[in-house]
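S.K.: here's my sequence, what's the structure:
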Amino acid sequence: MPTLPTDPPATLAATDFIDHSAPEVAAFVADVLPDGGTDDRDRAVRLYYAVRDRINYEIYGAEFTREALTASATLRAERGLCIHKSLVYLAALRSVGVPGRLVLTDVRNHLASERIKEYVGGDVFHYHALTTVELDGRWVRATPVFNKLLCRLYGMKPLDFDGTADSVHHPFDEQGARQMEFLHEHGEFDDLPYDLVLTGMRREHPGLFAGPQSRRFAAGSLVADAAARRTT
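M.R.: Here you go, the predicted structure:
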């Protein structure tokens, strides 16, 4: 794998959240790329699928402390929200010399459970995270968020990524029903703008948090919500 420059640009740098020099990140990348990968695209694609499916997507109980949002902490927990998983992917990419940035958006999720809608305050979720990756001289978007098990339970097709085209989100589920719409983009960021996101989440989704001063989301299970959907 390529050697990182001693003074890397912001899109390759380690940060408090994108802590790509942490042993957890190194171990994860070594396990996914035991052969080092053939080129940047190969490495980016293999790391994408590993982050997508090895780390469970879970909104309930998600922690929003600075420590819990680090890539290394998410790898230890083996679960996280879109922001957690996107930061892991960026840490893995940067550790092998592939530039990447965080993208923050607002989306309307038509497949949200009634419980999630109650907590969120509707079907619009603010500060949904994905990534943009520089490959072959151009930037492509990748969303290593919703793992295959969760997609199957909710009747969604998992998002694939080949390193050549944007992988953002299918607008429809497997039955052709409206699934997700992108409403607004906050921008691309070299690091997580923590205060912006925490303040915005508290403002837009106060019901998600376990308490007024809590930095943990309320307890529950997306898998359990999916089971409840099937029985109603």
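S.K.: going forward, measure contacts between C-alpha atoms and count neighbours the same way
M.R.: Noted.
S.K.: show me what the helix or strand bottoming out on mean pLDDT in the chain is packed against.
M.R.: When the helices and strands of the chain are scored by mean pLDDT, DSSP states H and E, helix 222-230 comes last with a mean of 75. Judged by 3 or more C-alpha pairs under 8 Å, 6 or more residues apart in numbering; DSSP states H and E, helix 222-230 is in contact with helix 148-153.
S.K.: quick one: list the elements packing against the helix it packs on.
M.R.: Other helices and strands packing on helix 148-153, by 3+ C-alpha pairs under 8 Å, 6+ apart, are helix 222-230.
S.K.: buried residues in the helix it packs on?
M.R.: Buried residues in helix 222-230, counted by 16 or more other C-alpha atoms under 10 Å: 222, 225-226.
S.K.: list of residues touching it?
M.R.: Residues outside helix 222-230 that contact it (C-alpha atoms under 8 Å, 6 or more residues apart in numbering): 58-60, 113, 115, 150, 153-154.
S.K.: now the longest strand anywhere in the chain, how far from the chain's geometric center?
M.R.: Longest strand in the chain, counting residues (DSSP state E): strand 124-135. Offset of strand 124-135 from its chain centre (C-alpha atoms, centre = their mean, to the nearest Å): 7 Å.
S.K.: kindly report the same for stretch 77-96.
M.R.: The answer for stretch 77-96 is 7 Å, by C-alpha atoms, centre = their mean.
S.K.: which residue ranges form the helices in this structure?
M.R.: 23-32, 40-54, 71-77, 82-95, 114-120, 148-153, 194-204, 222-230 (DSSP state H).
S.K.: any chance of those in TSV, with distance to Arg101 too?
M.R.: Below are the helices of the chain laid out as TSV (distance: least, C-alpha to C-alpha, whole Å):
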stretch	distance to Arg101
helix 23-32	17
helix 40-54	13
helix 71-77	14
helix 82-95	7
helix 114-120	26
helix 148-153	24
helix 194-204	14
helix 222-230	27
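S.K.: return the most buried member of those.
M.R.: Highest mean neighbour count among the helices of the chain (mean count of other C-alpha atoms under 10 Å): helix 82-95, with a mean of 28.
S.K.: just the CA atoms of it, as CSV, please.
M.R.: Taking Å, rounded to 0.1, in the frame of the first residue of the first chain, the C-alpha atoms of helix 82-95 are listed here in CSV:
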residue,chain,number,x,y,z
CYS,A,82,-24.5,7.1,9.1
ILE,A,83,-22.0,9.6,10.6
HIS,A,84,-20.2,6.9,12.5
LYS,A,85,-19.9,4.6,9.6
SER,A,86,-18.9,7.4,7.1
LEU,A,87,-16.1,8.4,9.5
VAL,A,88,-14.8,4.8,9.6
TYR,A,89,-14.8,4.6,5.9
LEU,A,90,-12.9,7.9,5.6
ALA,A,91,-10.3,6.7,8.2
ALA,A,92,-9.8,3.5,6.3
LEU,A,93,-9.5,5.3,2.9
ARG,A,94,-7.0,7.9,4.2
SER,A,95,-4.9,5.2,5.9
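S.K.: how near is Tyr119 to Asp225?
M.R.: For Tyr119, the distance to Asp225 equals 13 Å [C-alpha to C-alpha, to the nearest Å].
S.K.: sorry, wrong one. I was asking about Ala77.
M.R.: In terms of C-alpha to C-alpha, Ala77 sits 21 Å off from Asp225.
S.K.: repeat for Leu196
M.R.: 29 Å.
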